[in-house]
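**Q** Task: produce atomic coordinates for the following.
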Amino acid sequence: MNSTTIIPTRPGYEHITIYAPGTAPCPVDVSDTLNLWGTPPAALEALREAAVSRTVAHYPSLYNAALKEPLAEYVGVRPEEIVTGCGSDDVLDCAIRAFAQPGGVLAHPAPTFAMVPVYARANGLTPVGVPLTGDDYAVDADALLATNACVIYLCTPNNPTATPMAREAVLRVVERAPGLVIMDEAYAEFVLADPVRRAEVFTAEAPGWGRVLSTRTMSKAFGLAGLRVGYGVGHPDVVREVEKARGPFKITHPAEKAAVAALGPSAGGLPWVRERAAEAVAQRERLVAGLRALGIRPAPSASNFAFAPVPDAAAVAARLRDRGVSARVFRGMPQAVSALRASGGEGLRIGAAPEPMQRALLDSLAEALMEALPEATR
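**A** Just a heads-up that it's a prediction; the model follows:
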């Protein structure tokens, strides 16, 4: 053959783009919503032991039975109500693949986790975003239901806005949805660590709801983002179907060992995680106060980060990078929320960090705003 023939993809696939968050390494990196205090010491020790073990020459556990036991105890469900995966986004993708009707609709709040529309299109669905509304970034349950979607995705606290979803709205969706409801609770640990803000974690209720899969991760509060450990919680019948789509060997042996250790009772395990989550919540409150002092109206956060609506967010972020600080830029967001109308649908997502990092961020942001915002209004 003298020519190369490009095989066409299926209709709709051409709209999928490669994930590119657009951040560069910086000394102060608050662009990701991670545990910036590090990794549980017990998990690090388990990794060191796994590194010298001969087990890495063999396949890992098929479906991570050894991990499901402590996860079930941790969230208050049964092991058969848990499915694991290579990060919670893997579980999310597998759930869509298992329950989606090809040619159907996946409805989601907008803005939300950027990969959700990608997974929808990759699985032959049309993603339909329903704008958050009001001053508090409220989810519009009735508009989501009106799409008649075969899958409805909710994220609470939501990414990138950090805002929790009201129980009444969640229950309305769960009770009336015609198909699967995926509830992304990646930041649940920070909700549980917050003694003040009224928000809820729904994970333990998911199995009793039947049509709901709650997805969780060990990438955030547990400090294991580089190991890609996620899980879903739901009725055993739902879990069984997701597990079919998931396939075997999704979590490596070292990652499983580290995750089990992080859930353990030693001082370097679960107690360490809970202490760091509480620190992140306290620093988030200081971050929110600092943003307000700069004249920004941050969204009401229930997570370990804050969302700051600012005009010309890319210009502000560029000036932050000039000062060694990286924040995540969001543009083209729906403007049904008043603060997003004021910012032209643009903003920055900023992770809560240990005090020295956070002080450097706020000082740099004050300077960047002075430089960038006059340009945005010229």
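**Q** Need the contact partners of the lowest-mean-pLDDT helix or strand in the chain.
**A** Lowest on mean pLDDT, DSSP states H and E among the helices and strands of the chain sits helix 355-377, with a mean of 83. Applying CB atoms under 8 Å, 6 or more residues apart in numbering, the contact partners of helix 355-377 are 28, 30, 36, 283, 286-287, 290-291, 294-295, 310-312, 315-320, 322-325, 327, 350, 352-353. C-betas here are computed from N, CA, C, even on glycine.
**Q** Over to stretch 44-59?
**A** 248, 249, 252, 253, 254, 257, 258, 260, 261, 268.
**Q** any chance you could map the helices in the stretch 51-200 of the chain?
**A** If DSSP state H, counting those that start in this stretch is used as the criterion, the helices of the stretch 51-200 of the chain fall at 65-75, 88-99, 115-122, 141-146, 167-176, 188-192.
**Q** who wins for proximity to residue 304 among the ones you listed?
**A** helix 188-192 (4.7 Å; CB to CB).
**Q** can I have the closest one written out in PDB, keeping just the CAs?
**A** Below are the C-alpha coordinates for helix 188-192, written out as PDB (Å, rounded to 0.1, in the frame of the first residue of the first chain):
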ATOM      1  CA  ALA A 188     -16.500  14.000  51.100                       C
ATOM      2  CA  GLU A 189     -13.700  13.900  53.700                       C
ATOM      3  CA  PHE A 190     -13.600  17.700  53.800                       C
ATOM      4  CA  VAL A 191     -17.400  17.900  54.300                       C
ATOM      5  CA  LEU A 192     -17.000  15.500  57.300                       C
END
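**Q** any weak-confidence spans in the chain?
**A** 1-3, 22-24, 372-378 (pLDDT under 70).
**Q** Grab the nearest non-local neighbour of residue 143.
**A** residue 130 (4.5 Å; CB to CB, 6 or more residues apart in numbering).
**Q** now stretch 146-154, how far from the chain's geometric center?
**A** With CA atoms, centre = their mean, to the nearest Å as the basis, stretch 146-154 stands 19 Å off its chain's centre.
**Q** buried ones in it?
**A** 147, 149, 150, 151, 152, 153, 154 (16 or more other CB atoms under 10 Å).
**Q** Could you do stretch 227-247 as well?
**A** Buried-residue list, stretch 227-247, by 16+ other CB under 10 Å: 227-235, 238-239, 241-243, 245-246.
**Q** just curious, which of these is nearest to residue 201?
**A** residue 233 (10.7 Å).
**Q** Quickly find the element holding the closest one.
**A** Element membership of residue 233 [criterion: DSSP states H and E] is strand 230-234.
**Q** orientation of that strand relative to helix 88-99 in degrees?
**A** Per axes from the mean of the first three to the mean of the last three CA atoms, to 10 degrees, the angle that strand 230-234 makes with helix 88-99 is 40 degrees.
**Q** what is the orientation angle of strand 230-234 with helix 65-75?
**A** Using the same axes, to 10 degrees: strand 230-234 against helix 65-75 is 60 degrees.
**Q** what's near enough to touch the most centrally placed residue in the chain?
**A** Central residue of the chain (CA atoms, centre = their mean): residue 186, 4.9 Å from the mean position. Residue 186 makes contact with 88, 155, 159, 215, 216, 217, 219, 220 under the criterion CB under 8 Å, 6+ apart.
**Q** swap in residue 326?
**A** 23, 24, 25, 26, 28, 29, 30, 31, 317, 320.
**Q** The fifth one: neighbour count?
**A** It stands for residue 28. 20 (other CB atoms under 10 Å).
**Q** And the third one, by the same measure?
**A** As a burial measure, the neighbour count of residue 25 was computed by other CB under 10 Å and equals 9.
**Q** how close does the residue lying closest to it once chain neighbours are set aside sit to residue 353?
**A** By the measure of CB to CB, 6+ apart, the closest residue to residue 25 outside its immediate chain neighbours is residue 326, 7.4 Å from it. Applying CB to CB, to the nearest Å, the value for residue 326 to residue 353 is 11 Å.
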